[in-house]
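# quick one, what's the 3D model for this:
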Amino acid sequence: MNLSERIRMALGEVPAALVLKNARVFHLTDGSFETADIAIDDEGVIVGVGIGYEGRRTINAQGLTAVPGFIDTHTHLESSLMLPWEYERCVTRYGVTTAICDPHELANVVGTAAFDFFFAAAKALTMDLQVRLSSCVPATPLETSGAEITVADLRAYKRKYAAAALGEYMNVPGVLTREPQTMAKLATFDFIDGHAPLLDGRNLNAYIAAGVRNCHESSLLEEAREKMRRGMQVFIREGSAARNLNALMPLLANAENAPFLAFCTDDRNPLDMEEGGHIDRMVARCLAAGIPPLVAYRVASWSPANGIGLHDRGLIAPGRRADIALLSDLTACRVERVIVHGIPAEEIHYDKARLPDVGLFRHTVKCRAVTADDFQMRRNPHLPVIGVIDGSLVTDRLDDLPPDATDVLPIAVLERHGRNGNIGQGFVRGFGLKRGAIASSVGHDSHNLCVVGTNGNDMAAAIEALRATQGGFVATCDGKAVAHVPLTVGGLFSEEPAEDIAKQLRTLRQAVRQLGCPLHEPFLALAFLPLPVIPHLKITDMGLVDLDNFQLLK
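Residues are numbered from 1 along each chain as shown. Predicted structure coming up:
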């Protein structure tokens with residue numbers, strides 16, 4: 001459409017492509033309400049807000065409140081377990097119309113092919129999937145990944161996709177020590193997403209001075225306040241594994257903070273979405289806690305749009321992208337209908353010929369066969385035990401547990417990319433298993449196989465189940481699988497619809513609880529134990545990692 005035609009639609013000289021009639025528009029500029037028609041052109045752009053617009057097609061929005069579509073400022077589609085087109089079908093029903101994704105999970109398995117896949121997928125979607133270029137593949141030298149992405153690789157993709165930003169920069173020590181490869185990566189980009197758990201003081205100053213704009217890892221209120229004072233945009237996270245909204249809610253009590261805040265999920269699976277929604281539930285919880293609607297809805301849309309540089313959205317106004325959530329209840333953030341780039345979400349369809357092929361990402365679990373003998377582990381009294389904290393990615397370092405301490409289980413991480421056959425071993429407290437074992441091919445960020453259990457037979461059976469199905473989550477007892485969620489694409493994605501994945505996850509959760517585990521999301525707790533960029537004690541295929549000193553423990 002040319003500009004002249006857009007102006008004619010705005011003037012009402014010709015019908016708009018779509019008009020939402022008689023909506024109650026919530027203006028995020030001043031918090032006012034206006035009953036008006038919303039006119040949208042053929043390119044999915046709002047051309048007018050006011051009374052009397054006519055369209056070639058109309059939708060009756062009377063009784064519904066229109067707010068801008070929500071923005072998830074940091075997510076990994078791999079952790080949703082859904083392929084991108086299924087992810088879009090799932091999240092748009094919750095009012096999410098833009099997501100910022102970093103494909104570093106798949107990239108750690110297959111390298112730059114993950115970039116090609118995600119950029120191709122984004123092009124086929126109607127929602128805006130903004131693809132970051134993964135900065136740390138592998139995340140650290142303390143683990144074995146399936147691939148390495150170099151500075152030269154990043155520069156090549158930056159040339160091809162000029163608008164692409166650098167994904168979360170997890171190698172904080174590399175920044176602080178001015179490691180040459182880190183410096184070269186940072187210098188290539190003018191927008192860099194952050195990852196700086198518990199960073200403060202001069203170290204935080206240095207990290208931000210390197211060009212980092214935001215952080216989604218704040219778990220403490222004072223931590224988040226310091227980052228805001230230093231100019232960072234704080235992404236308040238409510239995922240499946242890490243839930244920080246309650247701790248950071250006081251930030252929203254001050255309306256002046258809104259431009260420096262945004263919501264994100266980071267990692268959220270279909271069962272959690274089915275049971276607890278998405279950004280919509282974060283907004284609803286804020287409103288229930290007394291946060292003013294103008295603040296909560298700004299933080300869900302306008303604030304992230306501005307912080308990320310997406311100035312074409314975040315308001316119901318002429319010239320803005322027509323991403324609109326229609327709510328039956330503003331205070332409960334009850335989404336009834338969603339318009340995605342000018343198209344009703346329920347009408348989005350896919351040309352299968354345009355969808356990227358996933359065949360390249362099958363058969364990625366290449367570790368050797370194991371037996372119970374591989375897991376006959378004895379606790380070394382000189383090494384600490386990992387302490388799991390439910391609902392947090394941060395772990396405790398338990399140095400002084402007595403030999404007869406309860407709920408201390410063996411844990412192992414097996415290199416699965418066919419590179420060296422490493423098995424890192426240690427002990428963990430907090431899973432509460434009384435029998436059986438659980439294992440996962442999702443092990444951030446290198447995605448080696450992780451297993452924790454009460455005995456070697458069940459631990460070996462769990463790993464063998466993952467080898468047979470080429471990835472997933474599994475629970476075993478008495479030497480056989482009692483529940484399983486296959487993840488056949490990269491050991492990360494399911495090829496099933498969201499509803500079926502949620503059903504499988506529910507069955508798995510029930511099975512694990514019957515084995516004694518009380519954790520809300522035991523598989524996500526397990527999946528983040530091999531992530532050696534979050535304090536305090538983790539485990540990789542190379543062994544236990546002390547994150548306070550960034551070193552392997554021997």
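# now the helix or strand hosting Ile46: average pLDDT?
For Ile46, the element it lies in under DSSP states H and E is strand 46-50. When pLDDT is averaged along strand 46-50, the result is 98.
# that strand - which strands sit beside it in the sheet, and in what orientation?
strand 33-40 (antiparallel) (DSSP bridges).
# follow-up on the earlier one: moving C-terminal from the strand holding Ile46, which element do we reach first?
Sequence-wise, the next helix or strand downstream of strand 46-50 (DSSP H and E) is strand 58-60.
# which residues sit against the strand holding Ile46?
With contact meaning Cβ atoms under 8 Å, 6 or more residues apart in numbering, strand 46-50 is reached by 6, 9-10, 12, 16, 25, 34, 36-41, 316-322. Every residue, glycine included, has its C-beta placed from N, CA and C.
# next one: stretch 328-347
The contact list for stretch 328-347 (Cβ under 8 Å, 6+ apart) reads 17-18, 20, 26, 40-45, 59, 63-65, 67, 69, 92-95, 97, 126-128, 280-281, 283-284, 287, 293, 296, 321-327, 348.
# quick check, Ile316 in a helix?
No - using DSSP: H, G, I helix; E, B strand; the rest coil, the assignment for Ile316 is coil, not a helix.
# got the residue ranges for the helices in the stretch 51-200 of the chain?
77-80, 84-91, 104-110, 113-124, 151-160, 172-176, 180-188 (DSSP state H, counting those that start in this stretch).
# make CSV from the ones you listed and add mean pLDDT and distance to Ala439 to it.
As requested, these are exported to CSV (pLDDT from 0 to 100; distance: least, Cβ to Cβ, whole Å):
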stretch, mean pLDDT, distance to Ala439
helix 77-80, 95, 17
helix 84-91, 97, 24
helix 104-110, 96, 17
helix 113-124, 97, 23
helix 151-160, 98, 31
helix 172-176, 95, 30
helix 180-188, 97, 33
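# the ones you listed: which one's closest to Pro197?
Among those, the nearest to Pro197 by Cβ to Cβ is helix 172-176 (8.7 Å).
# remind me which residues of the stretch 151-300 of the chain are low pLDDT?
Within the stretch 151-300 of the chain, no range satisfies pLDDT under 70.
# which one's the longest helix in this protein?
helix 498-514 (DSSP state H).
# from the contacts of stretch 328-347, which would you call buried?
Taking 16 or more other Cβ atoms under 10 Å as the criterion, what is buried in the contacts of stretch 328-347 is 17-18, 20, 26, 40-41, 44-45, 59, 64-65, 67, 69, 92-95, 97, 126-128, 280-281, 283-284, 287, 293, 296, 321-327, 348.
# in strands, which of those appear?
18, 20, 26, 40, 59, 65, 67, 97, 128, 324-327 (DSSP state E).
# which of those sit farthest apart?
Longest span within those, Cβ to Cβ: Thr65 and Asp128, 22.4 Å.
# okay, domains of the protein per the record?
3-63, 69-309, 361-552 (automatic domain parsing).
# could I get those as TSV with distance to Ile343?
Shown next, in TSV, are those (distance: least, Cβ to Cβ, whole Å):
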stretch	distance to Ile343
domain 3-63	7
domain 69-309	6
domain 361-552	20
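# before we move on, the earlier item: so which elements touch the helix or strand following the longest helix of the chain?
Downstream of helix 498-514, the next assigned helix or strand under DSSP H and E is helix 522-528. Contacts defined by 3 or more Cβ pairs under 8 Å, 6 or more residues apart in numbering; DSSP states H and E place helix 522-528 against strand 437-440, strand 449-453, helix 498-514.
# can I get these in a markdown table with mean pLDDT and distance to Glu143?
Formatted as a markdown table, those follow (pLDDT from 0 to 100; distance: least, Cβ to Cβ, whole Å):
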| stretch | mean pLDDT | distance to Glu143 |
| --- | --- | --- |
| strand 437-440 | 98 | 15 |
| strand 449-453 | 98 | 12 |
| helix 498-514 | 97 | 25 |
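# tabulate the ones you listed (CSV), appending distance to Tyr53.
What follows is those, written out as CSV (distance: least, Cβ to Cβ, whole Å):
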stretch, distance to Tyr53
strand 437-440, 52
strand 449-453, 55
helix 498-514, 35
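# can you list those in TSV and add distance to Asp272 and mean neighbour count?
Below are these laid out as TSV (distance: least, Cβ to Cβ, whole Å; neighbours: other Cβ atoms under 10 Å):
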stretch	distance to Asp272	mean neighbour count
strand 437-440	16	28
strand 449-453	20	28
helix 498-514	9	18
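# so which of the ones you listed is nearest Arg132?
Judged by Cβ to Cβ, the one of the helices and strands packed on helix 522-528 that comes nearest to Arg132 is helix 498-514, at 23.3 Å.
# how close does the residue lying closest to Leu327 once chain neighbours are set aside get to His27?
Nearest residue to Leu327 in three dimensions, chain neighbours excluded: Thr65, at 4.5 Å (Cβ to Cβ, 6 or more residues apart in numbering). Taking Cβ to Cβ, to the nearest Å as the measure, Thr65 falls 11 Å from His27.
# what is in contact with the two at once?
Phe33.
# torsion angles phi and psi at Cys477?
Main-chain dihedrals, Cys477, degrees, to the nearest 10: phi -150, psi 140.
# equivalent analysis for Leu544, please.
Per degrees, to the nearest 10, the backbone of Leu544 is at phi -70, psi 140.
# where does the residue nearest to Phe117 when sequence neighbours are not counted land in three-state SS?
With Cβ to Cβ, 6+ apart as the criterion, Phe117 has its nearest non-adjacent residue at 5.1 Å, and that residue is Pro356. Using three-state DSSP, the structure places Pro356 in coil.
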